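Engineer: only geometry, no sequence info:
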């Protein structure tokens, strides 16, 4: 997929930026980000993977609200309005659509929009919504104009308490570049009370929330669910206050809610961002000489079958078009899934007396005829070659994506020069928790 920004105009004359992804013939799903930063989210590996996951079975639409991102700046953002969403839906000819609000502020817009146009929003998903505005956030936002950099650093830590630092730095930079201090204050200091509106929502509603979030207390989120007839609340583990981080936690729940049959979710090797896994039998030449060619090939074929089953069960896709000798190549949409599968592959190799070199890297890949190409594939192969027998080695990119979700520890092995790669790559050995 590629991101192509287009524009429409609201009823009050504001230019709104939007983008579409996925299958034009699939049912539309509109994603409202908490703050206007769709281009920055697409540029980040975790954000792009999230958009791709949403667009796998839907025609995904994203937009920047007025005053930020690629939309028109210098306009009044002080009130939650539905005009931006309505303009995009009208422009695309969406008579009905599913709506996913990525946070409490975007949930306000979603609820107001759904209530104002009964029947147009067929299903509603809200991430960490609240019944009323938070006085503590409004008070904190008063310091924005005085010291925006300090506020942004604090906000990033507030939204991602456990990190990793890379996503905290990304968020601070994205908000700084995609908005102004004035627009940010307007966006976060809405005063609202949804209590009179929530009971009137007539569509199916799914509410997602992470139980250790500092952005909204679980009690507040439960209050929203209690006011919506027939709503479903799912409390997830973790503390990240954004759906694009650790989205693997709830993607199956979301697909179930949207009515996507499990049997239709066959994994595919996507073009775009992927986690690439390489395996290779260590010292295969010496093993062949010691065991004999026939015995080694029989054991290698048995191990190959086991590895492919592990990868498939773990949500990955093996790439059969690649000729790798004694190795297996696979792609995953989530770093935590890839690491878990890699550890289980390593254990399978040890159990059969055929220890494996295993390496992982994440980046953009190109898919053609059930094959994958690109620099990310090359780097994953090089990382695999650096690993010791029985060891899982990952690049720094994979480590950052999985630090809070994989449940493992990472041992720093330093920066490594790799053939065909312009800059050194920092690698880490995975240690089971």
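Structural biologist: Arrived safely, thanks for sending. The structure displayed is predicted, hence computed values, not measured ones.

Engineer: give the helix, strand or coil label for residue 288.
Structural biologist: Following DSSP: H, G, I helix; E, B strand; the rest coil, the label given to residue 288 is helix.

Engineer: next, count neighbours for it.
Structural biologist: Neighbour count of residue 288, defined by other CB atoms under 10 Å: 17. Placement of C-beta: from N, CA and C, glycine included.

Engineer: quick one, what contacts it?
Structural biologist: By CB atoms under 8 Å, 6 or more residues apart in numbering, the contact set of residue 288 is residue 296.

Engineer: how near is residue 308 to residue 377?
Structural biologist: Plainly put, residue 308 is 18 Å away from residue 377 if you go by CB to CB, to the nearest Å.

Engineer: let me fix that: residue 427
Structural biologist: Distance of residue 427 to residue 377, given as CB to CB: 16 Å.

Engineer: and residue 308 and residue 377? Which one has more around it.
Structural biologist: Ranked by neighbour count (other CB under 10 Å), residue 308 and residue 377 place residue 377 first, with 23 against 16.

Engineer: my read is that one is in a helix, agree?
Structural biologist: Yes. With three-state DSSP as the criterion, residue 377 is part of a helix.

Engineer: can you verify my assumption that it contacts residue 276?
Structural biologist: Yes. With contact defined as CB atoms under 8 Å, residue 377 counts as touching residue 276 (5.5 Å).

Engineer: overlap in contacts, the two.
Structural biologist: Here residue 377 and residue 276 have 329, 365 as joint contacts, going by CB under 8 Å, 6+ apart.

Engineer: ok, which stretches of the stretch 1-150 of the chain are helices?
Structural biologist: Using DSSP state H, counting those that start in this stretch, the helices of the stretch 1-150 of the chain run over residues 38-43, 45-55, 83-92, 104-116, 135-141, 148-159.

Engineer: mean confidence for the fifth one?
Structural biologist: Read that as helix 135-141. Averaging pLDDT along helix 135-141 gives 56.

Engineer: what does the shortest one give?
Structural biologist: Mean pLDDT, helix 38-43: 87.

Engineer: what residues does that helix touch?
Structural biologist: The contact list for helix 38-43, computed with CB under 8 Å, 6+ apart, reads 3, 5, 17, 19, 33, 47-48, 50-51, 62-64, 69-70, 170, 173-174, 177-178, 244.

Engineer: now swap in the fourth one and tell me
Structural biologist: With contact meaning CB under 8 Å, 6+ apart, helix 104-116 is reached by 32-35, 65, 80-82, 84-86, 99, 101, 120-121, 124, 126-130, 134, 187-188, 190, 192, 194, 197-198, 200-201, 203, 215-216, 224.

Engineer: filter those residues to the buried ones?
Structural biologist: For these, a burial check counting by 16 or more other CB atoms under 10 Å picks out 32-35, 65, 80-82, 84-86, 99, 101, 120-121, 124, 126-130, 134, 187-188, 190, 192, 194, 197-198, 201, 203, 215-216, 224.

Engineer: quick one on the thing from earlier: can I have the buried ones of the contacts of helix 38-43 as a ChimeraX selection?
Structural biologist: ChimeraX command restricting these to the buried ones, with burial defined by 16+ other CB under 10 Å:
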select :5,17,19,33,47,48,50,51,62,63,64,69,70,170,174,178,244
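
Engineer: what residue, apart from its backbone neighbours, is nearest the residue most central in space within the chain spatially?
Structural biologist: Closest residue to the average C-alpha location of the chain: residue 50 at 3.1 Å, with CA atoms, centre = their mean. Nearest non-adjacent residue to residue 50, counting by CB to CB, 6 or more residues apart in numbering: residue 244, 3.8 Å away.

Engineer: residues contacting that neighbour?
Structural biologist: For residue 244, the contact set (CB under 8 Å, 6+ apart) comprises 41, 44, 46, 47, 50, 51, 102.

Engineer: wait, the third one touches residue 167, no?
Structural biologist: So the one you mean is residue 46. Yes. The pair residue 46 / residue 167 is scored as a contact, 6.9 Å apart, by CB under 8 Å.

Engineer: which residues are common contacts for those two?
Structural biologist: Common contact partners of residue 46 and residue 167 (CB under 8 Å, 6+ apart): residue 245.

Engineer: give the buried residues for the helix ranked longest in the chain.
Structural biologist: Longest helix of the chain, by residue count under DSSP state H: helix 293-313. For helix 293-313, a neighbour-count test (16+ other CB under 10 Å) marks 296, 299, 300, 303, 304, 306, 307, 308, 310, 311 as buried.

Engineer: so which of those comes closest to residue 330?
Structural biologist: residue 311 (4.6 Å; CB to CB).

Engineer: for that closest one, which non-adjacent residue is closest in space?
Structural biologist: Leaving aside its sequence neighbours, residue 311 sits nearest to residue 330 (CB to CB, 6+ apart; 4.6 Å).

Engineer: likewise for residue 57?
Structural biologist: Closest residue to residue 57 apart from its sequence neighbours, by CB to CB, 6+ apart: residue 260 at 4.9 Å.

Engineer: quick check, the one you found in contact with residue 54.
Structural biologist: No. Using CB under 8 Å, residue 260 is not in contact with residue 54, being 11.2 Å away.

Engineer: the strands in the stretch 151-300 of the chain, which residues?
Structural biologist: Remark: strands assigned in the stretch 151-300 of the chain by DSSP state E, counting those that start in this stretch are 205-210, 232-236, 272-281.

Engineer: contacting residues around residue 123?
Structural biologist: By CB under 8 Å, 6+ apart, residue 123 lies in contact with 98, 99, 203, 204, 205, 206, 257, 258.

Engineer: look up which residues are beta-bridged to it.
Structural biologist: Beta-bridge partners recorded for residue 123 (DSSP bridges): residue 98.

Engineer: what's the distance between it and residue 204?
Structural biologist: For residue 123, the distance to residue 204 equals 5 Å [CB to CB].

Engineer: pLDDT weak spots in the stretch 301-433 of the chain?
Structural biologist: For the stretch 301-433 of the chain, applying pLDDT under 70 flags the ranges 320-325, 368-370, 404-406, 433.

Engineer: let's see it at 90
Structural biologist: Residue ranges of the stretch 301-433 of the chain with pLDDT under 90: 301-306, 308-309, 312-327, 333-334, 352, 363-378, 400-408, 417-423, 431-433.
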